[in-house]
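Participant: Predicted model, plus sequence, below.
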Amino acid sequence: WKRAESKTQELGRKIAADQKHLDVILPEMVRTHNQRIAVFSRGLAEGAKDKMHLWNQIKAQYHSASPQEIRTLPILGFLSSKAMDEYRDGIMDSLVKDEILGRHYPQIQSATPIITSKDLARLSASLDIGTAPIQLYQHIFFSAENDALPDEEIAAYLRKIMSKEEGLYTALDILHMMFHSSHRTHGEPILKVARDALAKFKFTRENRGMNHNSDYALARLATVSLDGKESESMAASLCENLAEAFNTYNAYIHDYRGLINVLAEKHPMVFMDTFLSPEPAKGRLNKLFSHDFELYKNPLNHISNSDILKWCDVDSARRYPVIAQAIESFTNTPASGELSWNPLIIDLFEKAPNLEVLLENVAQDLVPSTFGGSQADIIEKRAPVFKELFDHPNDVIASWAKMRYELAMQTVERTREWEEKHYRIRNESFE
């Protein structure tokens, strides 16, 4: 591959001095999209004696091509060459307002390895002109070399992008890539833009799912920008917007699991206040706290036991039963694959003011609401955890555990009988 690239670049150097061949190649070059053509055009820049004359020839070919034919890789290769260092600024200044190539300016700007304040000013001017599609601006800030730019300048540029129609999603993509790939410590101006982007995002049907890679980007922004007490109100607003969207069917919980988990981890009290108050998770919100932990991860797993108990103690009569219904009662032991009680459940047994209500809520974890394969097998796997409580010092808990184990085994027997009958009837229908 390196040998082919070297030969392609050398060919470009030779062709640069041959006007007869240039007249044939340049019209096709500006209409060609492959990585090799970028290497070839970089060779052209290196081989040209009069580099601006050759640039003007290339630009003229772009002006003669139809908008649908234009491909920008040749420009990226030509301008990224070190041979163009002393000419690049002047060319970039002219391209911002260029009637044809100005529509592609954000892509062309990515030819520069390091974005400077001057480059950022040109990008801002391009935004003001408004001929380039807003999505093209996401090509900037994808590398760590841009870390030298002042936060204030980046923040102002991102706010201008967000002010444009559909600009929010481009800003989200840029921020996501900055936070993902950069090792710099981002200052408050950029963190404030990230929080504002989170606040502007609408959890609507149009934005559902992975459009614009939304959950991954939103979760990353929340991870970086929602630290500390000062971001608590922003987290509360996000939680409220999510809860409203879930209950009105404008969004589905599985679309935003990443963001949900970050909110639970960063602001546990706000998260529980929203999704577990003033009533137990009801309607579609109960799917957040799925009992089907083999399939879904419960966001409360991202909250420490001490924070959960602290939240419960604020209103113990109501919150202990609610949390017992919401958390995962069982944990999976990786080595053996066997289930055991979540240690938090044992703490709840000791602290709950109304043990009977709490026990009934815990019992709901036995039967999964969604599952793959045999429901009887799942219940049979979960039932033995009740045996761990047969000798509990509290007689109420011990009696409850024995009763629940017996009911579980009866449920396994009935469910298995139904499953075998159902599968038999289904198989016979295919014969």
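Facilitator: All right, it came through fine.
Participant: Now Thr331: phi and psi?
Facilitator: Phi and psi for Thr331, reported as degrees, to the nearest 10, are phi -120, psi 150.
Participant: Give me the phi and psi angles of the closest residue in space to it that isn't next to it in sequence.
Facilitator: Distance criterion Cβ to Cβ, 6 or more residues apart in numbering; nearest residue to Thr331, sequence neighbours excluded, is Asn342 at 5.2 Å. No exception for glycine: its C-beta is placed from N, CA and C like everyone else's. Per-residue torsions, Asn342: phi -60, psi 130 (degrees, to the nearest 10).
Participant: for the one 3 residues further on, same thing?
Facilitator: Here is the backbone geometry of Ile345 (degrees, to the nearest 10): phi -60, psi -40.
Participant: Could you report the separation of it from Lys351?
Facilitator: Remark: distance between Ile345 and Lys351 (Cβ to Cβ, to the nearest Å) = 11 Å.
Participant: And Ile75, by the same measure?
Facilitator: 68 Å.
Participant: try Ala251
Facilitator: Distance, Ala251 to Lys351, by Cβ to Cβ: 35 Å.
Participant: Worst mean pLDDT across the helices and strands of the chain, which element?
Facilitator: The helix or strand of the chain with the poorest confidence is strand 330-332; it has a mean of 81 (mean pLDDT, DSSP states H and E).
Participant: from the chain's centre, how far out does the helix or strand just after that strand sit?
Facilitator: Counting by DSSP states H and E, the next helix or strand C-terminal to strand 330-332 is strand 339-341. Put simply, strand 339-341 sits 32 Å off its chain's centre (Cα atoms, centre = their mean, to the nearest Å).
Participant: What of stretch 154-169?
Facilitator: Taking Cα atoms, centre = their mean, one finds the center of stretch 154-169 at 19 Å from the center of the full chain.
Participant: Same question for stretch 406-419.
Facilitator: 41 Å.
Participant: Check what contacts it and list those residues.
Facilitator: Leu366, Val367, Ser374, Gln375, Ala376, Ile379, Glu380, Arg382, Ala383, Phe386 (Cβ atoms under 8 Å, 6 or more residues apart in numbering).
Participant: Next step: the residues you listed restricted to helices.
Facilitator: In this view, these that belong to helices under DSSP state H are Gln375, Ala376, Ile379, Glu380, Arg382.
Participant: For the last one, give its distance to Glu356.
Facilitator: For Arg382, the distance to Glu356 equals 21 Å [Cβ to Cβ].
Participant: With neighbour numbers in mind, choose between these two.
Facilitator: More neighbours surround Arg382 than the other of Arg382 and Glu356, with 20 against 11 (other Cβ atoms under 10 Å).
Participant: Hmm, that one is touching Leu366, no?
Facilitator: Yes - with contact defined as Cβ atoms under 8 Å, Arg382 reaches Leu366; the gap is 5.6 Å.
Participant: hang on, the earlier thing: state the distance from the residue nearest to Thr331 to Asn394.
Facilitator: As judged by Cβ to Cβ, Asn342 and Asn394 stand 18 Å apart.
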